[in-house]
Structure formats: structure tokens, C-alpha cells
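Q: Here is a sequence together with a model predicted from it:
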Amino acid sequence: MGFPDTFLWGASTSAYQVEGANKEDGKGLSVQDVKKVPEGTSQVDVCADEYHRYKEDIALYAKMGFKAYRFSVSWCRILPDGKGTINQKGIDHYKDVIDECLKYNIEPIVSMFHFDMPYELEKLGGWNNRESIDWFYEYARILFENYGPKVKYWATIVEQNTLALAGSVIFDKKEETIKEKYIANHNMLVAQAKVIKLCHDMCPHAMIGSDPNIAYVYPATCNPDDIIAAQKFNAIRNWLYLDLAVYGKYNAIVLGYLKEQDALFDICDEDYEILRNGKPDYIGLNYYNTATAKVYEGKEKVIQKDQQNGMREEGLYESVYNPYLYKSEFGWEIDPIGFRVTIHELESRYHLPILVTENGIGGYDTLEDGCVHDSYRIEYYRKHIEQMKLAVEEGCNVIGYLPWSAIDLLSTHNGISKRYGFIYVDRDEFDLRTMDRICKDSFYWYKKVIETNGEDLS
Ligand code: BG6
């Protein structure tokens, strides 16, 4: 009973949200570096300054007892233009980060792409350009060649579904038709499958997966129309990505949807072949909350604020608040039981190991006499870990837990003010203060959780 001894406890970050140094040591610009940041939030030039302070930060992760640390590589630190000339300083930087993790017996879990397409490639159409498959393949080859011998866990594209469904709230994406959106999505899936196959060939000792943002969709009522709405939303938001990654097949509901929207495009047999040959070894689960849907007959356009809230499509579904759940300070619903529901669903649909690659709560933390009392975060994690433990005891193969985030970093919409870390960074939106690291109450709590392999959650 309980978690296996090999369970990978740790946490996650992403390059453009934590590193800073966005124009240093030969790094090229990504779409994140050129976007118009939301009003009142800082630029991505400093973030938590992990680029310069990774040794200090990894030492703190080791002190917390991490068995694994999931971070992303910035594509344009390795290839400033996204393709062509390699930046040796970028290669060396991540070599050092990996070695620093290994020094403390922390498994580096390396994500290749987290929302930061090189700007030079975005100008060529980004994922909409079929050549993106080759660009990503070559970038991945360079990563496997340089880091392959030392890395046991790789992740391809983080939250591809967020990019497809809410890309315009993640960076300044040009307006797309539904068809264009799904062509870009298809290119990402083919690229991912090719890279998975390449990883299996070049790094046979490693496991590789993809990390979608899965929010299991409940029907708002037991009205059969709402059930259908929830099934459609589930297919479009969640299953499409995993059905293609794991089974190499388009979800039938999604194909029907694309047909209705006049957004079907040609898919060649070769793509299906590639998809079938690039099956992930695990499913990375980014879980923040569930969604709830009812049928939507209206015609109003979606006003989508972020990746978790406010989706609707005419005649299909509308995302609504769930009256049984409470919300975070930033309006995100909190649903620990939904975490277990989602794990059950992934287990029974895909029969692959599940690595929880993100889960967490953002809030306004304050420094009081040198301490940060983030009891709300401890409460959030306690309830989620309890449910994950039940899922494991019910037979689900969960192999690790890497909550978001290891340290305070820039949120996608609310800058540094919406804090997620176990470690507080002493800065605010525009005043960089000392940038000192301060362990929050949740740091000490999580250390005890890891020490006891999830037994002591008090
Ligand atoms: C996930 C993303 O969807 O949500 C992270 O992978 C992001 O990049 C996290 O930071 C929390 O969202 P937000 O908008 O509060 O930063």
C-alpha cells in the first residue's frame, strides 16, 4: 500500500518562466521574449534568475529531498534562430544543470518545449509550417546527442493542448482559422512521434512522454444533452492529444467536429505510420482542476482569460463553474477528487505509467519577518496527494509527482505576483529587491512528505 519506493518526488519549472537572462550568452529570442506582457506584469528578462542561480536553487531542491527535477530547455538557447548554428554556451549551460542535479542524485526530467517557440521560426509560421516537424526533430537530435547518456526521462511538448486551444492567451499568436489551428496541432503530433522514435533509437535506456494539460470534464447536470456536451469537450480538450500519441488515431468525435466546422484537412498515410511508431512510454499529466460543461446554444464568442477557464463553442459545449468546488484567489477551481478521477480515466484509457508533471496553486504570498506562511498551499497539496495515494492504492500506475512549481517564477498571465513555488523569491513585479531565496512553510512540509514517501501528510 502507499507509494512505491521508486516514486519520483520533485517539482517543475519552465525555461522562459524561471531562467531570466533572456538575451545573454548567445540566446536567441523566443515568442515569449517579444510578446506584449499583460499590463502590470514584468518582462521575462529576470524571472527568478535561475540561469545564474541554478546551483543555489538545485542545492535547495536537494535539501527538500527531491528525487527528480523537471525543467525545460530553451530551444533558442541551443539554436538561437531555431535551426542552423548551435550556441555552445547554451549546450554547456544545460549540461551543467543536468550535472548539478545528478550530483545530488536528482533525476533531471527534461522537457524540450514549453511555450517558447524561437521567434525566427514563428516568423516562418511556427507550428503551422509543415517544416516545423524537421526543425523540432533536429533540435531534439541535438539534445539527445548532448544529454542522452545522462537523462532518463524526457518530455516532448508541454501542454500542446493549451497551445492549440488557448495559444492566443499564451503569446501574441496571429489569428487562425479552426483548420489552421488543427493543422498546426497535427504537425506538433507528427513531430512529437518522430522525436519519440528517435529517442527510442538514440537513448534506449530513457523514457519519453508528452505532458498535456488534462482537465476531466464533468457534465453540469444529468440532462443527456449535458452529457453529450461534456463528452465533446472531453474529446476536444483532452483525448484528441493522447489518442493520437498513444494509439496513432484521431478521436472520432474530434473528426466529426472538424468536419462540421469545415476544418478537415488531408492526412497522408505516412503520418499515420509515423504516429503509430512513436508511442510514448509514459503519460505526463499536468493537472490543475476539472472542467464542467453544459450544452451551449448561444452565439457569443469565447472570452478566454487563461488555459483553465472560459471555453465555449457554439452548439457544442460551454464551460461553467461547478457549484461543489471552491476557487483559488485567482479564480481557478480546486478539485482534489477530480485529480483522482482524472488519474482513473487516464489509467483505463491508456494503460501507461502516469507521471504527474504539474499540479499546484498560485496565490499572493507575503514575506513576514523572514517567513512565508503559505498554509493554503500545504492544504492544496495535502488534499491532492491524499487523492493520488488513493488512486495508487486502487491500482493506478502513478510513478512520480512534480508539482508546479519548485520556486516562484513568472506565471503565464499574472507575473511574479501569482506565486507557485515552495521557495519564495524576494522580488516583486518591478522591484527586484534582493532576489534572495526564502523557504516557505510548504518547503518544510513537502520535505517531510518526501522523507516519509508520502506517508506523513500532517
Ligand atoms: C500550466 C503551464 O498550464 O499552468 C505553466 O504549463 C503555467 O506554464 C501553469 O505557469 C500555471 O498557470 P498560470 O497561468 O497561473 O501561470
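A: Here it is on my side, so go on. Numbers count the residues shown, from 1 in each chain.
Q: Once you drop chain neighbours, what's closest to the residue in the stretch 1-150 of the chain that the ligand sits nearest to?
A: Closest approach between the stretch 1-150 of the chain and the ligand, counting by CB to the nearest ligand atom: S14, at 5.3 Å. C-beta coordinates here come from the backbone N, C-alpha and C atoms, glycine included. For S14, ignoring the flanking residues on the chain, the nearest one in space by CB to CB, 6 or more residues apart in numbering is H114 at 3.8 Å.
Q: Run through the residues that contact the residue of the stretch 301-450 of the chain found nearest the ligand.
A: Per CB to the nearest ligand atom, S411 is where the stretch 301-450 of the chain lies closest to the ligand, at 3.1 Å. By CB atoms under 8 Å, 6 or more residues apart in numbering, the contact set of S411 is Q17, G362, S417, K418, Y420.
Q: Show me the two of those residues that sit farthest apart.
A: Farthest apart among the contacts of S411 by CB to CB are Q17 and S417. That separation is 13.4 Å.
Q: okay, the two: which has more neighbours?
A: Q17 (25 against 18; other CB atoms under 10 Å).
Q: Pull out the buried residues from stretch 285-302.
A: By neighbour count with 16 or more other CB atoms under 10 Å, stretch 285-302 contains the buried residues L285, N286, Y287, Y288, N289, T290, A291, T292, A293, K294, V295, Y296.
Q: Same check on stretch 118-127?
A: Buried residues in stretch 118-127, defined by neighbour count with 16+ other CB under 10 Å: P118, Y119, E120, L121, E122, G126, W127.
Q: what kind of secondary structure is the closest residue to the first one other than its chain neighbours in?
A: Using CB to CB, 6+ apart and skipping the chain neighbours, the partner closest in space to P118 is G82 (3.1 Å). Of the three states, G82 takes coil under DSSP: H, G, I helix; E, B strand; the rest coil.
Q: Please export the C-alpha coordinates of stretch 169-181 as CSV.
A: C-alpha atoms of stretch 169-181 as CSV (Å, rounded to 0.1, in the frame of the first residue of the first chain):
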residue,chain,number,x,y,z
VAL,A,169,-3.6,33.8,-24.4
ILE,A,170,-0.1,32.3,-24.1
PHE,A,171,1.7,34.5,-26.6
ASP,A,172,0.8,37.0,-29.3
LYS,A,173,-0.3,34.5,-31.8
LYS,A,174,-1.7,35.6,-35.1
GLU,A,175,-5.4,35.0,-35.6
GLU,A,176,-6.0,31.5,-37.0
THR,A,177,-8.9,29.6,-38.6
ILE,A,178,-10.0,26.4,-36.9
LYS,A,179,-8.5,24.5,-39.8
GLU,A,180,-5.1,26.3,-39.4
LYS,A,181,-5.2,25.6,-35.7
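Q: That stretch close to the ligand?
A: No - shown here: stretch 169-181 not in contact with the ligand (CB under 6 Å from any ligand atom), separated by at least 8.2 Å.
Q: what is the rounded mean pLDDT of that stretch?
A: Averaged over stretch 169-181, pLDDT sits at 88.
Q: How about stretch 227-240?
A: 96.
Q: ok, so what distance separates K67 from Y61?
A: 10 Å (CB to CB, to the nearest Å).
Q: neighbour count winner among these two?
A: Y61 (25 against 19).
Q: Quick one: the helices in the stretch 201-350 of the chain, in order.
A: Remark: helices assigned in the stretch 201-350 of the chain by DSSP state H, counting those that start in this stretch are 224-234, 240-242, 252-260, 269-277, 336-350.
Q: Tell me which of the ones you listed is the most buried.
A: Mean neighbours per residue, mean count of other CB atoms under 10 Å, is largest over the helices of the stretch 201-350 of the chain for helix 240-242, with a mean of 24.
Q: how about it, does it reach the ligand?
A: No - shown here: helix 240-242 not in contact with the ligand (CB under 6 Å from any ligand atom), separated by at least 13.7 Å.
Q: Pull the distance from that helix to the chain's centre.
A: Relative to the centre of its chain, helix 240-242 is centred 15 Å away, using CA atoms, centre = their mean, to the nearest Å.
Q: Ok, stretch 133-141 next?
A: Mean-position distance between stretch 133-141 and its chain equals 20 Å (CA atoms, centre = their mean).
Q: Show me which positions of that stretch end up buried.
A: Across stretch 133-141, burial judged by 16+ other CB under 10 Å covers I133, W135, F136, Y137, Y139, A140.
Q: continuing past the one helix or strand the second one maps to, what's the next helix or strand?
A: What that stands for is W135. Secondary structure from DSSP states H and E places W135 in helix 132-147. Scanning forward in sequence from helix 132-147 by DSSP H and E, the next helix or strand is strand 153-158.
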